[in-house]
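>>> Provide a 3D model corresponding to the input given below.
(chains A, B, C and D, ligands or ions: 6)
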Amino acid sequence: MQVTGTVLTTRRVDAYHALTVVAPGIAERYRPGHFVSVAVGGPYTSMVTRRALSIHDVKSDYGGTVELVFTVRGAGTAWLAERRARDTLDLVGPLGRPFPLPRDPVHCVLVGSEYGSAVLFPLADALLARGCRVDFVLGGAGAERVFGAMRARRMAETTTLTTEDGSLGLRGKVTDALPSVIADTRADAVYACAPMETLRAVTAVAMEFDIPVQVAVEESMACGIGVCMTCVLPVIGDDGATRMVRACAEGPVFRGERVRFEDVGTIPFDALGAPGGGARHVS
Amino acid sequence: MQVTGTVLTTRRVDAYHALTVVAPGIAERYRPGHFVSVAVGGPYTSMVTRRALSIHDVKSDYGGTVELVFTVRGAGTAWLAERRARDTLDLVGPLGRPFPLPRDPVHCVLVGSEYGSAVLFPLADALLARGCRVDFVLGGAGAERVFGAMRARRMAETTTLTTEDGSLGLRGKVTDALPSVIADTRADAVYACAPMETLRAVTAVAMEFDIPVQVAVEESMACGIGVCMTCVLPVIGDDGATRMVRACAEGPVFRGERVRFEDVGTIPFDALGAPGGGARHVS
Amino acid sequence: MSVDMRTFLAHVELANPITTAAGCASSGRELAQFFDLHRLGALTTRSITMAPRAGRPTPRMAETPSGMLNAVGLQGPGIEAFLERELPWLAQRGIKTIVSIGGGTVAEYSELARRLADAPGVTALEVNLSCPNMEDRGRVFAREGSAAAEVIASVRSIMRYDVPVVAKLAPDVADIVSVARACVDAGADALSMINNPLGMAIDTEALRPSLAAVTGGLSGPAILPLAVRCVWQVHAALPGVPLIGVGGVMTGRDAFQLVLAGACAVGVGTALFHDPYACLRIERELEELLRARGFQRLADAVGLAHRPPGSAPRHLLVDTEESTP
Amino acid sequence: MSVDMRTFLAHVELANPITTAAGCASSGRELAQFFDLHRLGALTTRSITMAPRAGRPTPRMAETPSGMLNAVGLQGPGIEAFLERELPWLAQRGIKTIVSIGGGTVAEYSELARRLADAPGVTALEVNLSCPNMEDRGRVFAREGSAAAEVIASVRSIMRYDVPVVAKLAPDVADIVSVARACVDAGADALSMINNPLGMAIDTEALRPSLAAVTGGLSGPAILPLAVRCVWQVHAALPGVPLIGVGGVMTGRDAFQLVLAGACAVGVGTALFHDPYACLRIERELEELLRARGFQRLADAVGLAHRPPGSAPRHLLVDTEESTP
Ligand SMILES: Cc1cc2nc3c(=O)[nH]c(=O)nc-3n(C[C@H](O)[C@H](O)[C@H](O)COP(=O)(O)OP(=O)(O)OC[C@H]3O[C@@H](n4cnc5c(N)ncnc54)[C@H](O)[C@@H]3O)c2cc1C
Ligand SMILES: Cc1cc2nc3c(=O)[nH]c(=O)nc-3n(C[C@H](O)[C@H](O)[C@H](O)COP(=O)(O)OP(=O)(O)OC[C@H]3O[C@@H](n4cnc5c(N)ncnc54)[C@H](O)[C@@H]3O)c2cc1C
Ligand SMILES: Cc1cc2nc3c(=O)[nH]c(=O)nc-3n(C[C@H](O)[C@H](O)[C@H](O)COP(=O)(O)O)c2cc1C
Ligand SMILES: Cc1cc2nc3c(=O)[nH]c(=O)nc-3n(C[C@H](O)[C@H](O)[C@H](O)COP(=O)(O)O)c2cc1C
Ligand code: FES
Ligand code: FES
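Ligands and ions are numbered 1, 2, ... in the order given. As a prediction, the model looks like this:
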């Protein structure tokens, strides 16, 4: 659904911007892992595409609010960073396939890098509500780019932090720390949100431990609602065939081992409908 | 020159919006009749052309301010109407040829319609400073569209108001009132700023009385600085030849009898360089 | 007083002039989550190809000033799956459906037409001529009148007489009227224009083309003036031919420009990416603009801007003031 | 470390790659009120015609999303007055001047070239081929390779060998490369692209075309992706030919896109209407972008985006982060 929400609060969280927006309909339908798409630039803007942002939090005040956490990358996020309380924001959501939750009270490791961590906190809440054990591995380039360390510490059994410059926690990447966390916590499942390269490595680790891994991917999106076909990546289906599927509609959450990370940005020769591919006749 | 000015105050004046902008360099160079061009829409806007607005007033506070008075017509002026104190505004100016002032302390009638009146007040100041007598004829569709009546009354010997709906002053147009004002004040010259149709009629009246008339015209402008050639109208030169001249660079102020009002929006067959015209060989 | 928004694509009546643009509404189901598809004049499908197609590699899109580039490469399930899963879903719900087809040879377009000839639920067939012609060194059909005409003639001969064949044209030509004329002479019942002009962006960080496919189709408001011009020129030359105006329509006012230029229907593409409800909003805004100008029927506005200067706009009963666009 | 911004238009050296676009800087004097014209790589004049021209009626301009339409109709004083008043003013000041010419017949272009052949101060001659060919039912020269080539061949044969002849091409063609090739084969020393694609807007209040001339040329950021694509395609096909990239350049980043696509010089048009200092700003921004990426010479960036994927960007000594564009 589309909502013209009012910005309630804006704040800086370390290197990130956080916006809380009143958006009752979206908050109500929300599940952890959902994202929204935000119109940027105001009236008469030259920016025609929306920006996809994960929902970091929903609250019930004012009929329902959503919180977005983002980093300034280009013109659209720069505009968003200038929003102030009482400005209006045009959101479409909740979008995408949320994180599937385990039926049983299992042990889960939640792995987040940079702003990717933001989407994991409501997931952690949902897991805790089901009696799961939650452990966090959060990382970033430097201390101020590790999002949510404090909150993680309050919620989780353990929280492991990594930074590439060593300014906070272990020096290195989240995937450097992950194996020992999985081993120590006897984890049954991994959830991750991070850049594609990191998700690939997280998936490799989880597969090594032979435990399921759910990853939330990020692909350039023009519509966010499944109609433009710009956000595709190669994913293996239940039938074993690779298809170019939409990150916005079939994702952004996928089972890690199903995503052909090494082929992202290409059309694998054996994908359904690949040019000249024998796979043409699979369907 | 180009100035990124800060909006000092915004207010409504009857049907109009007024913005005072700190723009020292422009205020300093200003002469009555000058205009500025304003960038609209903010960063990443889809509006690529500036909007031309007459300077209504300059003051010396804050190193120099200019005041603009405008009506909302389309998207650009709608955006301008939303500016608030402390916003910045990108101005180029002062532009155009200002009103020529008489050497002697003559009697002048200043005729303005709608927001066109705005540009006449600093002109009146300048005329008064030279010892001229000033009389105003101001009009509009209705009472709230007659700009500056109070101020005119304070400055001028007489002020005649006209409205088309009769809600203020005489029912009718400024040109209905003009002949008797000229006669009563024994006017030596007329200055006018109004829609083209009105300027044409004002010019006709002045010519009937055989007194000079200076008109400030309004033409759709893409650049305001004389480089795009979109703002032209047919004007008779000193040599008697008609040329398509730029309202922004050769104008916006012209001697009324030189403007071929009835041919505005056409290329008169006898204009210099008119298609197939014998005038090709005039130059 | 409500405005009669009905329009005709050849002899097929649509309840209103607004349709989705080909390739911008996927299978239709995605938009159905947002609104009742029956409220569209028609739904236009993505361009269906013979074989399933995986499309082009990513990145497939880049934002440009008031526009975007796309290089999707006709990703889709192929005609088989379309006939099995997508078309029946639309047909069962009675949604007016313009099926778009794309091919690399005249034979492929013809085969697609054959497969669709007896399928229930095809309101009209739109032939996407912006596909590379494999038999002419990949030159796009729409850029060569005779190649375009050959496709249309063959498709027209195959489709049932009561299913209009719409030729979809591209603006990247020296003379759109001659391509339009060739298609109409070959039997096109209507024309749709414009498809995306070819554009490109370069990523100034990576120092490479922004799109994996290097070039891509430009869409969005940036191209509205090109669409208005093409519709105008073709309507002037072929006033009897129904035109679907497409290109950069974001508002009812944009749609109205195309209608005044000569379009009897209007396609909405990129706007859907920004606003899933765009078609409904645009229809409402267009109706409001017509009403405010005293039109009783959309049909009276089609091509109206062509009337000679000085002639009175006879359909204007009232001339009301309009607020800010 | 400053970047070497010099560039060559054929054998003519320009101090930097930024020039005004034809018809967007009037006689030059207007901009001289704002900055020293010597700081331009070159000033390109409006297209000079034989006779004085009054141009088209007003309205001559309409704003469109991220663009504008113009229908000025080459208003200007004619070659006589140009040679008497405008060119000497520039020549005396030693301002590098690219003189643009426009005509309706091959003979007219040739006559213009003859008049300019001995005039001092002509750095290069740009042939505006987007003029209607009176001998071919008003078909624009730029849309027909052979007509364009005929003009270029004649002009080239007349101009002195040391004055480069630049053919200015339009994007409204099915295949810009073939027109480019025809012009180069006919002797063009360089190419400039793109001129305005033809567009149109309709005034939805008046229910008439917004421009008195009905159609007009589209310019501004909206067309940048078309310009990048044309420059890219032509540079790929004719890598040795110097290209002036023009179309929608508002920032150094836009100019950089054209440079990476293959332009060795960049024309700035519509941006001047918004910002009289645009050329200087764009030059500064472009230099800054090059510097930040470790380029020592502009020349090393020309066409760089064509390098095969995987090959290292050898000119990148440092790979610094960039802030918001
Ligand atoms: C499902 C999903 C969730 C996301 N959640 C967050 C989040 O919570 N916080 C956050 O900071 N960022 C998030 N991103 C990334 C965010 O969408 C981009 O940073 C943002 O779109 C960049 O916009 P821009 O105007 O700053 O950059 P520009 O480069 O100007 O954007 C130009 C165009 O490219 C698209 N684009 C560019 N980069 C990306 C990207 N990485 N992903 C998707 N589209 C892109 C934009 O949508 C726009 O259409 C998410 C992306 C996806 C797909
Ligand atoms: C010398 C001069 C002085 C002016 N002074 C004033 C003033 O003091 N107060 C005031 O309210 N208005 C003034 N105008 C008119 C003002 O420029 C237009 O109302 C304004 O440009 C409309 O912009 P918009 O975005 O609202 O309309 P839009 O219709 O969205 O404008 C679209 C484009 O057309 C141009 N345009 C449209 N109408 C006009 C017009 N009437 N004149 C010039 N350009 C136009 C705009 O500049 C823009 O490029 C003046 C015009 C000129 C030429
Ligand atoms: C992502 C995308 C996919 C498209 N796919 C098709 C297609 O399959 N067939 C087709 O004829 N046109 C296709 N088009 C072109 C549109 O139908 C339309 O002609 C064009 O985008 C201009 O309209 P717009 O500016 O409203 O998007 C596509 C456009 C976009 C943006
Ligand atoms: C008002 C105006 C006048 C123009 N006049 C000419 C001209 O005389 N000769 C020419 O070759 N191009 C002319 N052009 C085209 C420009 O030189 C340029 O190719 C085009 O506008 C694209 O660049 P831009 O987007 O930077 O304006 C004109 C463009 C505009 C907007
Ligand atoms: S973003 Fe459009 S289909 Fe996914
Ligand atoms: S507005 Fe550009 S020349 Fe007058």
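
>>> make it CA atoms for all contacts and neighbour counts henceforth
Fine.

>>> check the residue lying closest to A:Ala206 once chain neighbours are set aside and give its pLDDT.
Leaving out its chain neighbours, the residue that sits closest to A:Ala206 by CA to CA, 6 or more residues apart in numbering or on different chains is A:Val213, at 6.2 Å. Looking at A:Val213, its pLDDT reads 97.

>>> one more: the one 4 residues further on?
In this model, A:Val217 is scored at 97, pLDDT.

>>> repeat for C:Met159
96.

>>> cool, the one 4 residues further on as well?
Among the per-residue scores, C:Val163 shows a pLDDT of 96.

>>> what's the distance between it and ligand 1?
C:Val163 sits at a distance of 38 Å from ligand 1 (criterion: CA to the nearest ligand atom, to the nearest Å).

>>> so what's the residue nearest to that residue when sequence neighbours are not counted bridging to?
Counting by CA to CA, 6+ apart, C:Ala124 is the residue found nearest to C:Val163 once chain neighbours are left out, at 5.1 Å. C:Ala124 has the following beta-bridge partners by DSSP bridges: C:Ile98.

>>> confirm for me that C:Gly102 is in contact with C:Ile48.
Yes. Using CA atoms under 8 Å, C:Gly102 is in contact with C:Ile48, at 5.8 Å.

>>> neighbours of C:Met1, how many?
7 (other CA atoms under 10 Å in any protein chain shown).

>>> show me what contacts it?
Residues near C:Met1 by CA atoms under 8 Å, 6 or more residues apart in numbering or on different chains: C:Arg291.

>>> just confirm it is within a strand.
No. Using DSSP: H, G, I helix; E, B strand; the rest coil, the assignment for C:Met1 is coil, not a strand.

>>> the longest strand seen in chain A and ligand 1 in contact?
In chain A, taking DSSP state E as the definition, the longest strand is strand A:2-13. No. Strand A:2-13 does not reach ligand 1 (CA under 6 Å from any ligand atom); its nearest approach is 12.1 Å.

>>> how about the strands in the stretch 151-300 of chain C?
Applying DSSP state E, counting those that start in this stretch to the stretch 151-300 of chain C gives strands spanning C:165-169, C:190-193, C:198-200, C:202-203, C:208-209, C:215-219, C:243-246, C:265-268.

>>> so which of the ones you listed gets nearest chain B?
strand C:215-219 (14.7 Å; CA to the nearest CA).

>>> which other residues reach stretch A:228-238?
A:219-222, A:242-248, A:258-261, A:263-265, A:267-268, A:271, C:23-26, C:58-61, C:70-72, C:75, C:273.

>>> cutoff 6 Å now
With contact meaning CA atoms under 6 Å, 6 or more residues apart in numbering or on different chains, stretch A:228-238 is reached by A:219-221, A:242-247, A:258-260, A:264, C:24, C:60.

>>> same thing with stretch C:104-119?
By CA under 6 Å, 6+ apart, stretch C:104-119 touches C:103, C:132-134, C:151, C:155, C:159.

>>> what residue in the stretch 101-250 of chain A comes nearest to ligand 4?
Relative to ligand 4, the nearest point of the stretch 101-250 of chain A is A:Ala222 (25.3 Å; CA to the nearest ligand atom).

>>> what do you get for chain A?
For chain A, CA to the nearest ligand atom, closest residue to ligand 4: A:Ser46, 15.2 Å.

>>> who touches that residue in this structure?
B:44-46, C:65-66.

>>> can you turn the buried part of these into a ChimeraX selection?
ChimeraX command restricting the contacts of A:Ser46 to the buried ones, with burial defined by 16 or more other CA atoms under 10 Å in any protein chain shown:
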select /B:44,45,46 /C:65,66
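
>>> ok so, going back, which one of the strands of the stretch 151-300 of chain C lies nearest to A:Leu128?
When the strands of the stretch 151-300 of chain C are compared by CA to CA, strand C:202-203 sits nearest A:Leu128, at 43.3 Å.

>>> so A:Arg145 makes contact with A:Ala15?
Yes. A:Arg145 is within contact range of A:Ala15, at 5.5 Å (criterion: CA atoms under 6 Å).

>>> which of the two has more residues huddled nearby?
Ranked by neighbour count (other CA under 10 Å), A:Arg145 and A:Ala15 place A:Arg145 first, with 20 against 16.

>>> give me the pLDDT for the more buried one.
Looking at A:Arg145, its pLDDT is 94.

>>> returning to that earlier point: any idea which of the strands of the stretch 151-300 of chain C gets closest to B:Pro102?
Minimum separation from B:Pro102 across the strands of the stretch 151-300 of chain C (CA to CA) falls at strand C:215-219, 56.4 Å.

>>> hmm, stretch C:105-125 in reach of ligand 3?
No. Stretch C:105-125 stays clear of ligand 3 (CA under 6 Å from any ligand atom), getting no nearer than 11.1 Å.

>>> can you give me the end-to-end distance of that stretch?
17 Å (CA to CA, to the nearest Å).

>>> how about C:Asn70, phi and psi?
C:Asn70 has phi and psi values of phi -130, psi 150 when expressed as degrees, to the nearest 10.

>>> does it touch C:Val214 like I think?
No. The criterion here is CA under 6 Å, and C:Asn70 misses it with C:Val214 at 10.1 Å.

>>> coming back round to it: now the residue of the stretch 101-250 of chain A closest to ligand 4, nearest residue through space, not along the chain?
Nearest non-adjacent residue to A:Ala222, counting by CA to CA, 6+ apart: A:Thr49, 5.6 Å away.

>>> state the helix or strand in which that neighbour lies.
If you go by DSSP states H and E, A:Thr49 is not part of any helix or strand.

>>> SS state for C:Arg115?
helix.

>>> do A:Leu91 as well
When the rule is three-state DSSP, A:Leu91 gets the label strand.

>>> can you get me a residue count around it?
Using other CA under 10 Å, A:Leu91 is surrounded by 25 other residues.

>>> what's across from it in the sheet?
With DSSP bridges as the rule, A:Leu91 is bridged to A:Val3, A:Val38.

>>> which residues does it contact?
A:2-3, A:37-38.

>>> swap in C:Ala21?
C:44, C:267-269.

>>> so where is the stretch 51-200 of chain A shaky, pLDDT-wise?
The model of the stretch 51-200 of chain A has no residue with pLDDT under 70.

>>> what is the nearest of the contacts of A:Ser46 to C:Ile202?
Looking across the contacts of A:Ser46 and measuring by CA to CA, the closest to C:Ile202 is C:Pro65, at 13.3 Å.

>>> what about the closest one, distance to ligand 6?
23 Å.

>>> ok, now C:Leu37?
The gap separating C:Leu37 from ligand 6 is 47 Å, by CA to the nearest ligand atom.

>>> number of residues surrounding that residue?
Count around C:Leu37 with other CA under 10 Å applied: 21.

>>> and the nearest residue to A:Pro212 once chain neighbours are set aside, how many neighbours does it have?
Spatial nearest neighbour of A:Pro212, chain neighbours left out: A:Ala189 (5.1 Å); criterion: CA to CA, 6+ apart. Applying other CA under 10 Å, we find 20 other residues in the vicinity of A:Ala189.

>>> dump the residue contacts of the closest residue to C:Pro164 other than its chain neighbours.
Spatial nearest neighbour of C:Pro164, excluding adjacent residues (CA to CA, 6+ apart): C:Ala124 at 4.9 Å. Contacts here follow CA under 6 Å, 6+ apart; on that basis C:Ala124 touches C:98, C:163-164.

>>> quick check, pLDDT for C:Ala124.
With respect to pLDDT, C:Ala124 has a value of 97.

>>> how much space between it and C:Leu9?
Taking CA to CA, one finds C:Ala124 at 8 Å from C:Leu9.

>>> in chain C, what residue lies closest to ligand 5?
Closest point on chain C to ligand 5, by CA to the nearest ligand atom, is C:Phe273, at 7.0 Å.
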